[in-house]
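Trainee: Predicted model, plus sequence, below.
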Amino acid sequence: MSDRRHEWISKRAYAIWEEQGRPDGRDDEHWRQAVAERDALERTQASVDGREVLVKFRPKPQRPEMPRQDWVNPSTKAG
């Protein structure tokens, strides 16, 4: 395991431990969760901080759809 990967997992496991109220005896669980999260990031080829994924998949603001110029309403079409 590379030093950078190990450091990321270690910091994430610590953050998980803090988020869960610093429980005793669950360090293996937190470590496994951090490893799984890192593996998921690597599978998506995201940057370490996840910015690439967030930018790539950020939902676009909804705009009202305008009718096309060549659209013709069949009920008003003259023959």
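Mentor: Sure thing, it's come through.
Trainee: Quick one: residues contacting residue 23.
Mentor: Listed by Cβ atoms under 8 Å, 6 or more residues apart in numbering, the contact partners of residue 23 are residue 17. From N, CA and C alone the C-beta is placed, and that goes for glycine too.
Trainee: which SS class is it?
Mentor: Secondary structure for residue 23, judged by DSSP: H, G, I helix; E, B strand; the rest coil, is coil.
Trainee: residues near residue 42, how many?
Mentor: If you count neighbours by other Cβ atoms under 10 Å, residue 42 ends up with 11.
Trainee: Oops, could you answer that again for residue 12 instead?
Mentor: Residue neighbour count, defined by other Cβ under 10 Å, stands at 18 for residue 12.
Trainee: Then residue 13?
Mentor: 21.
Trainee: Please report phi then psi for it.
Mentor: Dihedral pair for residue 13: phi -60, psi -40, per degrees, to the nearest 10.
Trainee: just residue 23 next, same as before
Mentor: With angles defined as degrees, to the nearest 10, residue 23 sits at phi -70, psi 150.
Trainee: how close does it sit to residue 41?
Mentor: Residue 23 sits 25 Å away from residue 41, going by Cβ to Cβ, to the nearest Å.
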